[in-house]
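# Could you work out the structure for the sequence below:
(chains A, B, C and D)
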There are 2 protein chains.
Amino acid sequence: MGKGELTRQAILERATALASRVGLEGVTIGVLADDLSLSKSGLFAHFRSKEALQIQVLRYGAERFLDNVVRPALSAARGEPRVRALFEGWLRWGRASADRCGCLFVAASTELDDRPGPVRDELVRLQRDWMEFIAGAYRVAVAEGHFRPDGDPEQFAYDVYGVMLAWHHGARLLRDDKAGDRARASFETLVSAARRPAGGGVTRPRAARKVQTHA
Amino acid sequence: MGKGELTRQAILERATALASRVGLEGVTIGVLADDLSLSKSGLFAHFRSKEALQIQVLRYGAERFLDNVVRPALSAARGEPRVRALFEGWLRWGRASADRCGCLFVAASTELDDRPGPVRDELVRLQRDWMEFIAGAYRVAVAEGHFRPDGDPEQFAYDVYGVMLAWHHGARLLRDDKAGDRARASFETLVSAARRPAGGGVTRPRAARKVQTHA
DNA sequence: TGACAAAACGAACGATCGTTCTTATATTGA
DNA sequence: TCAATATAAGAACGATCGTTCGTTTTGTCA
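Reported below is the predicted structural model:
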């Protein structure tokens, strides 16, 4: 990796952390340059516009999210355990104080929802991918016999996302200590609703129902 | 109402609508003055600082929310009907294209969650009040015998807020036509889980609620 | 090591930011 | 109607915004 790519990564690292606090628009070239002991023009040369920087920040944040949440969760067993691993990783990621790329997307979502342009397009693409990934994890859990087959994967993804957003609101804004417990309670409700009915309904299960209790 | 108070209201009206699109920080004195055909200094004189303007915008938005959502819902019957009226009004308010004070608070929440100061304090106060109001509506429904008494009102408020945030994410950012249906489906799940058990049997733990009916 | 390319700098650009003055115009009450 | 007052305008401030340009430093490789 050349020198240029190295500082470029350092810039994106810093910018991503900053953006989750002050928003994508709040990341100013001057402040960012000062933080990294660079000149404005030197930093600017790496990206040819602020818009390009913003897009790169979104992609960098998504990569970090993949590294820290998605990929680790893939080592969990297919089905419900993996869905749980995704949620727990997501929550852990949101709590992390060091790099707050998690809330970068929450912040960017409300910041860009009414501002058309390539930055918004990139964010929508990433968010759609992530929602679809959750829905996919749900489908795998159905295939594994953990979740009921007549559920709606997209609705599940929608609901889980809502739980995360509510957590963000409670924990970050309202500083509610119970936000984490509340998020887990909501998630547990969603998971038990997604499970196959306990009594053994009309559809005959192909595999024995796994019982997963939470702490 | 004097002349001053009149233009002051007009400024807040415009600023509130603008803030829900570009955020509280994005509402710039110059742009706001141009929109209203006022001079920067003339507008500025009404508030002695931008920070004061932002606080006034939050209060104005909250008043509008009270007028358009909360007070109309109070004419619904106590208990579950009122809870439903609150939710429907909330959703309607979020959809309204004319004045978007609803998403003002969603936008401000992520914008201010990491920026201490009096503006943030005001927002937290308003949001706490609103959450507590929802929890209060839940308690009334318990008192009316509609909802089960062993439920957690704060958890209910938390969950409903999550549904609204997910709707905002789906409808505003992802432009998902099904967001409204999804939000209603999630809300119905919450309400049926909150209802008294039909059989009137043993009270079950909160995590083992009823099966979710996906749309 | 020397030549060439990559990377960072410094200065400046026009524009806009929030804010502060002083001056002019409306509005109001006696 | 006429002062008293409230309201708006105008000009300018220092600061910062994203961006451009030419120069200088630094890294890379034959």
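# following the helix-or-strand element of chain A with minimal mean pLDDT, which helix or strand shows up next?
When the helices and strands of chain A are scored by mean pLDDT, DSSP states H and E, helix A:101-112 comes last with a mean of 89. Once the chain leaves helix A:101-112, the next helix or strand it forms, by DSSP states H and E, is helix A:118-143.
# Quick one: mean pLDDT over whichever helix or strand comes after that following helix.
Scanning forward in sequence from helix A:118-143 by DSSP H and E, the next helix or strand is helix A:153-168. Taken as a whole, helix A:153-168 has a mean pLDDT of 98.
# cool, stretch A:71-88 as well?
Rounded mean pLDDT across stretch A:71-88 is 98.
# measure it end to end?
13 Å (Cα to Cα, to the nearest Å).
# what residues does that stretch touch?
Residues from elsewhere that reach stretch A:71-88, judged by Cβ atoms under 8 Å, 6 or more residues apart in numbering or on different chains: A:69-70, A:89, A:134, A:137-138, A:140-141, A:143-147, A:160, A:187, A:191, A:195, A:210, A:212. (Glycine included, C-beta is placed from N, CA and C.)
# Just the buried ones from those residues?
With burial judged by 16 or more other Cβ atoms under 10 Å in any protein chain shown, the buried subset of the contacts of stretch A:71-88 is A:69-70, A:89, A:134, A:137-138, A:140-141, A:144-147, A:160, A:187, A:191, A:195.
# between the residues you listed, which is closest to B:E5?
Nearest to B:E5 among these, counting by Cβ to Cβ, is A:V160 at 46.8 Å.
# Identify the residue nearest that closest one in space, chain neighbours excluded?
Closest residue to A:V160 apart from its sequence neighbours, by Cβ to Cβ, 6 or more residues apart in numbering or on different chains: A:I134 at 5.9 Å.
# distance of the one you found from DNA strand D?
Using Cβ to the nearest atom of the strand, to the nearest Å, we find A:I134 at a distance of 33 Å from DNA strand D.
# OK, contacts around that residue?
Taking Cβ under 8 Å, 6+ apart, we find A:I134 in contact with A:83, A:86, A:153, A:156-157, A:160-161.
# Quick check: the gap between A:E144 and DNA strand D.
On the measure of Cβ to the nearest atom of the strand, A:E144 and DNA strand D end up 48 Å apart.
# Need the pLDDT of that residue.
Confidence score, pLDDT, at A:E144: 97.
# For DNA strand D, see how far away the residue nearest to it when sequence neighbours are not counted is.
With Cβ to Cβ, 6+ apart as the criterion, A:E144 has its nearest non-adjacent residue at 3.4 Å, and that residue is A:G79. Computed with Cβ to the nearest atom of the strand, the distance linking A:G79 and DNA strand D is 45 Å.
# roughly how far is the helix or strand hosting A:E88 from the heart of the chain?
Under the criterion of DSSP H and E, A:E88 resides in helix A:80-95. The gap between the average C-alpha position of helix A:80-95 and the chain average comes to 10 Å, counting by Cα atoms, centre = their mean, to the nearest Å.
# same check, this time on stretch A:88-108
On the basis of Cα atoms, centre = their mean, stretch A:88-108 sits 7 Å off its chain's mean C-alpha point.
# same check, this time on stretch A:153-162
Taking the mean of its C-alpha atoms, stretch A:153-162 sits 13 Å from the chain's own mean (Cα atoms, centre = their mean).
# Equivalent analysis for stretch A:16-25, please.
In this view, stretch A:16-25 has its centroid 15 Å away from the chain centroid, taken as Cα atoms, centre = their mean.
# And that stretch, what's buried?
The neighbour-count check on stretch A:16-25 (16+ other Cβ under 10 Å) flags A:16-20, A:22-25 as buried.
# same thing with stretch A:128-137?
Of all the residues in stretch A:128-137, those buried under the rule 16+ other Cβ under 10 Å are A:130-131, A:134-135, A:137.
# Closest to B:T7 out of these?
Closest approach to B:T7 among the buried residues of stretch A:128-137 (Cβ to Cβ): A:M131, at 44.4 Å.
# pretty sure the closest one contacts A:Y161?
Yes. Shown here, A:M131 and A:Y161 form a contact pair, counting by Cβ atoms under 8 Å, at 6.6 Å.
# residue contacts, A:D113?
Shown in contact with A:D113 (Cβ under 8 Å, 6+ apart): A:120, B:103, B:168, B:172-173.
# Mind doing that once more with 7 Å?
By Cβ atoms under 7 Å, 6 or more residues apart in numbering or on different chains, the contact set of A:D113 is B:172-173.
# Ramachandran coordinates for it?
A:D113 adopts backbone torsions of phi -70, psi -20, taken as degrees, to the nearest 10.
# Point out the residues in chain A that sit beside DNA strand D.
Contact residues (Cβ under 7 Å from any atom of the strand) of chain A with DNA strand D: A:2-3, A:27-31, A:40-41, A:44-45, A:48-51.
# Buried ones among these?
For the residues of chain A next to DNA strand D, a burial check counting by 16+ other Cβ under 10 Å picks out A:27, A:29, A:44.
# In TSV, list those along with secondary structure.
What follows is those, written out as TSV (DSSP: H, G, I helix; E, B strand; the rest coil):
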residue	secondary structure
A:V27	coil
A:I29	helix
A:F44	helix
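# Looking at those, which is nearest A:A96?
Comparing these against A:A96 with Cβ to Cβ picks out A:V27 as the nearest, at 19.2 Å.
# which ones are touching the residue of chain A at minimum distance from DNA strand D?
Nearest residue of chain A to DNA strand D (Cβ to the nearest atom of the strand) works out as A:G30 at 2.8 Å. A:G30 sits next to A:K40 when contact means Cβ under 7 Å, 6+ apart.
# Spell out the secondary structure type for it.
Strictly by three-state DSSP, A:G30 counts as helix.
# ok, it to A:K40 distance?
A:G30 sits at a distance of 5 Å from A:K40 (criterion: Cβ to Cβ, to the nearest Å).
# same check, this time on A:F65
Going from A:F65 to A:K40 by Cβ to Cβ gives 29 Å.
# A:F156 now?
46 Å.
# Do the host helix or strand of A:V191 and chain B come into contact?
Assigned by DSSP H and E, A:V191 belongs to helix A:179-194. Yes. Helix A:179-194 lies within reach of chain B by Cβ under 7 Å from any Cβ of the partner chain, at A:182, A:185-186, A:188-189, A:192-193.
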